[in-house]
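Undergrad: Below: sequence and its predicted model.
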Amino acid sequence: MNCKPFLKWAGGKSQLWDEISRRIPTDFSTYFEPFLGGGSIFFYLQPKQAYLSDVNFELINTYRVIRDNVDELITDLKTHIHQEEYFYQIRNIDRAEAYQNWNAIKRASRLIYLNKTCYNGLTRVNSKGQFNVPFGKYANPKIVDENNLIACHQALKNAEINVGSFREIEQLVTSEDFVYFDPPYAPLSETANFTSYTQDGFGEEQHRELKELCDRLTEKRVRWLLSNSSAPWILELYQDYKIEFVQANRAINSKSEKRGKVEEILVSNY
């Protein structure tokens, strides 16, 4: 059943499906994706067994709701309206204690609604973990994509979905499995850094930890593929592995003149 990501996500890989999918082995047991984000590659592959994770709690909650309660989610999504005052009421609810009492379905519905109606589809939080993107003035955003949500539900039915760091897969993955890493990209310039999908960010220290994990997985004969920017220090970091350059569209940037083609890399150990 064909499906596409249910969220617009910075760094999403929809435009690189062909480049990435033809590099992914077909003979693996479980597919691991520990920087899940919008899940473009997972939804393209729809593997029979998958372990999906991300540190963003609201994101993982939404995946779980689509897997387990998609009908209730669709019903709740239909209650939202595309109106600026209402948008800010929904956006700012996470500043109030009452939000902690919202159930999983309402929280998932809120995230999808905000993603579909906020400025440029940019999911971003502040240092307190609060959604802080302004209203996007779209004419008629598609808040409820019912058919695609049902297709995503079918694709996720057998997936294990967890909140967690990339570090946590090390004890789970075997040489029979395959891992796709899509971390927040290393910035190409001092002004290009954007890691605010969670309140903790992702910096150079985390990138180096990830590379060390890749080394240990290689020792265990686990195959992995990694996406990143072509920042010079990233190229140096992974110089012992196979590095291929690809062109991708940068669809999300606060300045329209900075959107467009950008060179990225795909790194693999096979």
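TA: Received, thanks. For clarity, every value in this text was computed on a predicted model and none was experimentally measured. Residues are numbered from 1 along each chain as shown.
Undergrad: Tell me the span between the first and last residue of stretch 64-80.
TA: Using CA to CA, to the nearest Å, the end-to-end distance of stretch 64-80 comes out at 21 Å.
Undergrad: Can you give the domain ranges for the chain?
TA: Following the TED database, one finds the domains of the chain at 16-55+164-268, 63-151.
Undergrad: what's the first-to-last distance across the first one?
TA: Just to be clear, that refers to domain 16-55+164-268. End to end - CA to CA - domain 16-55+164-268 spans 16 Å.
Undergrad: got it, and stretch 215-223?
TA: Start and end residues of stretch 215-223 are separated by 11 Å (CA to CA).
Undergrad: Turn the domains of the chain into CSV, columns for mean neighbour count.
TA: All C-beta spots, glycine's among them, are computed from the backbone N, C-alpha and C. Shown next, in CSV, are those (neighbours: other CB atoms under 10 Å):
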stretch, mean neighbour count
domain 16-55+164-268, 16
domain 63-151, 16
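Undergrad: so which of those gets nearest residue 158?
TA: Nearest to residue 158 among those is domain 16-55+164-268; the distance by CB to CB comes to 6.5 Å.
Undergrad: quick one: average pLDDT of the closest one?
TA: Domain 16-55+164-268 shows a mean pLDDT of 88.
Undergrad: what about the helices in this structure?
TA: Under the criterion DSSP state H, the chain contains helices at 17-21, 40-45, 57-68, 70-77, 84-91, 104-117, 146-156, 204-219, 232-237.
Undergrad: Please report the distance of the residue most central in space within the chain from residue 78.
TA: Centroid check for the chain by CA atoms, centre = their mean gives residue 37 as the closest residue, at 0.7 Å. Distance of residue 37 to residue 78, given as CB to CB, to the nearest Å: 26 Å.
Undergrad: Repeat that for residue 13.
TA: 29 Å.
Undergrad: Likewise for residue 165?
TA: Remark: distance between residue 165 and residue 78 (CB to CB) = 35 Å.
Undergrad: go on, residue 110?
TA: Residue 110 sits 14 Å away from residue 78, going by CB to CB.
Undergrad: and if you look at residue 65?
TA: Look at residue 65 and residue 78: by CB to CB, they are 15 Å apart.
Undergrad: Kindly report the same for residue 127.
TA: For residue 127, the distance to residue 78 equals 33 Å [CB to CB].
Undergrad: Can you verify my assumption that residue 58 contacts residue 111?
TA: Yes - using CB atoms under 8 Å, residue 58 makes contact with residue 111 at a distance of 5.2 Å.
Undergrad: Now do the same contact list for the nearest residue to residue 54 once chain neighbours are set aside.
TA: With sequence-adjacent residues excluded and distances taken as CB to CB, 6 or more residues apart in numbering, residue 54 is closest to residue 36, at 4.2 Å. Residues in contact with residue 36 (CB atoms under 8 Å, 6 or more residues apart in numbering) are 42, 52, 53, 54, 59, 60, 63.
Undergrad: Residue 181 now?
TA: Going by CB under 8 Å, 6+ apart, residue 181 touches 34, 35, 166, 210, 214, 224, 225, 226, 227.
Undergrad: and what of residue 76?
TA: Residues near residue 76 by CB under 8 Å, 6+ apart: 105, 106, 109.
Undergrad: Contacts only, for the second one.
TA: Taking CB under 8 Å, 6+ apart as the definition of contact, the neighbours of residue 106 are residue 76.
Undergrad: check contacts around residue 102.
TA: By CB under 8 Å, 6+ apart, the residues touching residue 102 are 93, 110.
Undergrad: For it, give its distance to residue 76.
TA: Noted for residue 102: a distance of 11 Å to residue 76, by CB to CB.
Undergrad: The nearest residue to residue 43 once chain neighbours are set aside: how many residues sit nearby?
TA: Spatial nearest neighbour of residue 43, chain neighbours left out: residue 3 (5.1 Å); criterion: CB to CB, 6+ apart. By other CB atoms under 10 Å, the residues close to residue 3 number 21.
Undergrad: Centre of the chain to stretch 101-109, how far?
TA: Averaged C-alpha coordinates place stretch 101-109 at 19 Å from its chain's average position (CA atoms, centre = their mean, to the nearest Å).
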